[in-house]
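Colleague: have a look at this prediction, sequence included:
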Amino acid sequence: MAAFEYTALNHKGRKKKGVLEADNERILRQRLRDQGLVLIDARRGKEQTKSSFFSPSIDVKERALVTRQLATLIDAGMPIEEALSGVAQQTTKQRIRSMLLAIRSKVLEGHPLASALAEYPKAFPILFRASIKAGEESGGLPQVLMQLADYSERVRGNQQKLQMAMLYPAILTIVAISIVVFLLGSVMPDIVSVFERQDAALPQITQVMLAISNWLQSNGKVTFVIFIVLLLLYIVLIQKESIRTLRDHWVLAVPGLRSMIKTVQVTRFISTLSMLTTSGVSLVEAMSIATQVSANRSIQKRLAKAQQSVREGGSLGDALNKTKLLPPMMLQLIISGERSGDLDIMLSKAARQQEDDTNNWISAMVGLFEPIMLLVMGGVVMMIVMAILLPIMNMNQLLG
């Protein structure tokens, strides 16, 4: 039985879209006719997945909700195909319902759930598929799904914290730049032109600001267009693997960015590794998947070498120590877990500790950015105001 996305007409002649399961289009047409609908167009939901580029995706919040609902139904003893159907009926979004029913169709055909989810790689990344595969093989699928739901909610929570923390500095920066551009481009030329018509000598700071103002008026639009073109060119070039590798290597050489990127990527790696090993995925395979989660190619290469070392029989602690990426406390937890045989527990503790440290570090950096930004923009505005007021004060002195 396949999931069809249909468009039909009701008795009032209005179009209605939806998703319905049927063995073929003839049965779909009959079922819609029983509901008083006339079929106009229909297509199988799984047809969307022929190309992974056009594969539909869902955000972290929706994925966490779907995963938790699925875990609850399966844990209650419901077969996977019925659980998928139940979750599909719960959602109000047609694209998610279509996706779940298409996955259910694959399961009914005899495919494992992890294989069915692979039809939607953007909606269910490799982390999810590998964990679910391990859960199916070990018989602990409900527990694995619950862990995945918790993991997704933690990721979403961290994303929301970062977005909220960056919202105020972003607004402050945009407003401050807008004010400066307005003062330099509109206010200052009008005021200074009065003194120029009087052939009054302008202070040095006024002349500098006036030069900047004239440049903005003459080249501002061209500069903006060039900036947009360069941005689009960067977006195109960054799709190439060589350019992306060069970019990732360069950002790690910048002192201010290096520590931030290493902290974020290590947190993502350890959290993913902890999630996978707890779900029953082998350590070598878990390291391979967690390495792919890293967004920096240079860091990926270091982690790949660590994975190869573990594959050849080396210890995880020694392999990660050679990467020079992990902080000492985290390495000690991992080494202790290996020695005691509680690596899963220690990885979980290390992941939670690193997530907390990362959140605190990000909060501190954002908190520090705000007063620095205020001081910088305040200084710029003060210079513009001085450039405007100094000629006025000089004129008053001359008149006095």
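Modeller: Received the coordinates, thanks. Computed from a predicted structure; not experimentally measured.
Colleague: ok, which stretches of the protein are strands?
Modeller: All strands of the chain, identified by DSSP state E, fall at 2-9, 15-22, 38-44.
Colleague: my guess is residue 249 contacts residue 298. True?
Modeller: Yes - between residue 249 and residue 298 there is a contact under CB atoms under 8 Å: 5.0 Å. C-betas here are computed from N, CA, C, even on glycine.
Colleague: neighbour-wise, which of the two wins?
Modeller: Shown here are residue 249 and residue 298; by other CB atoms under 10 Å, residue 298 has more neighbours (19 against 13).
Colleague: and residue 100, what is it in contact with?
Modeller: By CB atoms under 8 Å, 6 or more residues apart in numbering, the residues touching residue 100 are 66, 84, 85, 87, 88, 91.
Colleague: burial count for the closest residue to residue 180 other than its chain neighbours?
Modeller: Nearest-residue entry for residue 180: residue 380, 5.7 Å, with adjacent residues in sequence omitted and distances by CB to CB, 6 or more residues apart in numbering. Counted by other CB under 10 Å, the residues lying close to residue 380 total 17.
Colleague: can you tell me how far residue 380 is from residue 341?
Modeller: 60 Å (CB to CB, to the nearest Å).
Colleague: residue 80 too?
Modeller: Distance from residue 80 to residue 341, by CB to CB: 33 Å.
Colleague: okay, these two: which has more neighbours?
Modeller: With neighbours defined as other CB under 10 Å, residue 80 and residue 341 compare such that residue 80 has more, 19 against 9.
Colleague: quick one, what contacts the closest residue to residue 343 other than its chain neighbours?
Modeller: Leaving aside its chain neighbours, residue 343 sits nearest to residue 337 (4.1 Å; criterion: CB to CB, 6+ apart). With contacts taken as CB under 8 Å, 6+ apart, residue 337 has the following neighbours: 343, 344, 345, 346, 347.
Colleague: just the buried ones from these, in ChimeraX syntax?
Modeller: Listed next is the ChimeraX selection for buried residues among the contacts of residue 337, using 16 or more other CB atoms under 10 Å:
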select :343,344,346,347
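Colleague: before we move on, the earlier item: tabulate the contacts of residue 100 (CSV), appending pLDDT.
Modeller: Formatted as CSV, the contacts of residue 100 follow (pLDDT from 0 to 100):
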residue, pLDDT
66, 89
84, 88
85, 86
87, 88
88, 86
91, 82
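Colleague: of all these, which comes closest to residue 375?
Modeller: residue 66 (46.4 Å; CB to CB).
Colleague: and for the closest residue in space to the closest one that isn't next to it in sequence, the neighbour number?
Modeller: Leaving aside its chain neighbours, residue 66 sits nearest to residue 87 (5.9 Å; criterion: CB to CB, 6+ apart). As a burial measure, residue 87 scores 24 neighbours (other CB under 10 Å).
Colleague: verify the contact between residue 87 and residue 70 for me.
Modeller: Yes - checked against CB under 8 Å, the pair residue 87 and residue 70 is within contact range at 5.4 Å.
Colleague: one step back: any idea how far residue 162 is from the residue nearest to residue 180?
Modeller: For residue 380, the distance to residue 162 - CB to CB - is 27 Å.
Colleague: now swap in residue 114 and tell me
Modeller: As judged by CB to CB, residue 114 and residue 162 stand 30 Å apart.
Colleague: neighbour count winner among the two?
Modeller: Set side by side, residue 114 and residue 162 show unequal neighbour counts under other CB under 10 Å, the larger going to residue 114 at 19 against 16.
Colleague: just the CA atoms of stretch 121-130, as CSV, please.
Modeller: What follows is stretch 121-130 as a C-alpha-only set of coordinates in CSV (Å, rounded to 0.1, in the frame of the first residue of the first chain):
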residue,chain,number,x,y,z
PRO,A,121,18.3,11.7,4.1
LYS,A,122,17.6,15.3,4.8
ALA,A,123,14.8,14.6,7.2
PHE,A,124,16.5,11.7,9.0
PRO,A,125,20.3,12.2,8.9
ILE,A,126,22.8,9.4,9.2
LEU,A,127,23.0,9.7,13.0
PHE,A,128,19.3,8.8,13.2
ARG,A,129,19.5,6.0,10.7
ALA,A,130,22.5,4.3,12.3
